[in-house]
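1. Show me the folded form of this:
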Amino acid sequence: MSNKITYRLLRSLKLLLPLLVGMGLFTLHARVGLQESKPIQWHWEQPKTSSLVSTEDLMPLAEVILGPDGTAANLDELEKSLASHPAVKNCEAWKTANGTLHIQIHERVPVLRLVHSSGRHRYIDKENYALPAFLGAPFRVPIVTGVLPLAPEGRYLGQDSLFARLNRLQHYMAQDSFWLAMTEQIDVLPDTQFVLIPKLGQHEVWLGSIEHMPGKLLKMKHFYTFGLHEEGWTEYKYIDARFKGQVVCRKSLPTNAAQELEMNHE
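-> Okay, here's the model as predicted:
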């Protein structure tokens, strides 16, 4: 009797063995597949308190290069594909020993928002590169209005252009937390002179051309700090800082005759 039971058990095991082996191979294959298809580790150059691009935006560009198992055979091509996004300055891709793909994104950071007379907006970054303003979350940067050409998207705007002078003005203001907190808007006049619209008060600050701008800004800071009494914030509509060694407060628009005095530089 015991011999029959033993025979039946052995026969059952013989019949189940191919099935068990098959299930084992399937499990092993599934584990290998999971190991090969590792998630991408994204890294960002700066904290993403506000951003023009996300991993969701970049994944379609990455998937063009990635294989079906989620790996990239050509990391150079992957970097080029991701860098084609207008908000990406450059990127680096590498693999670790365990096969994980790492991608570090160096994102462009806007410093000014240009508002063209047509109603179209552009960002420009500190390298004077034009970006679409509809990308990602809005950046709190000074707005530029007035007589502006329409900046072409995804282009470097040149070192001698009006945009380059605007970038220099922003750079000068960014050196001082006072002007970072004070500046709301910059208006460009037809003769490419700059007018600052501060956040405080109901007046405009006429800065003139970009020449000698650090001196003009320092003079205006001292004037705000020591020279402008509380009633002055509302009494004057125009504060003229274009002339050497003086700040002129006006109740009416500066005249063309006053503009001719621009030769008396800081």
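
2. C-alpha only now, for contacts and for neighbours.
-> Will do.

3. Give me the residues contacting the helix or strand containing Leu114.
-> If you go by DSSP states H and E, Leu114 is part of strand 110-115. Taking contacts as Cα atoms under 8 Å, 6 or more residues apart in numbering, the residues outside strand 110-115 that touch it are 121-126, 133, 139, 141-145, 167, 170.

4. next structured bit after it?
-> Downstream of strand 110-115, the first helix or strand assigned by DSSP H and E is strand 121-125.

5. one step back: going by neighbour count, which residues in the strand holding Leu114 are buried?
-> For strand 110-115, burial by neighbour count (16 or more other Cα atoms under 10 Å) applies to Pro110, Val111, Leu112, Arg113, Leu114, Val115.

6. ok so, going back, of the contacts of strand 110-115 - the most surrounded one?
-> Ile124 (28 neighbours; other Cα atoms under 10 Å).

7. before we move on, back to that, same list as before, the buried residues of strand 110-115 that is, but in CSV and with pLDDT included.
-> Conversion of those to CSV gives the following (pLDDT from 0 to 100):
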residue, pLDDT
Pro110, 91
Val111, 92
Leu112, 94
Arg113, 94
Leu114, 94
Val115, 94
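
8. Dump these to JSON lines, plus distance to Lys216.
-> Listed next are the buried residues of strand 110-115 as JSON lines, based on distance: Cα to Cα, whole Å:
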{"residue": "Pro110", "distance to Lys216": "24"}
{"residue": "Val111", "distance to Lys216": "21"}
{"residue": "Leu112", "distance to Lys216": "20"}
{"residue": "Arg113", "distance to Lys216": "23"}
{"residue": "Leu114", "distance to Lys216": "23"}
{"residue": "Val115", "distance to Lys216": "25"}
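
9. Outside of stretch 128-136 itself, list whatever touches it.
-> Stretch 128-136 is contacted from outside by 51-54, 86-87, 113, 121-125, 151-159, 163-164, 167, using Cα under 8 Å, 6+ apart.
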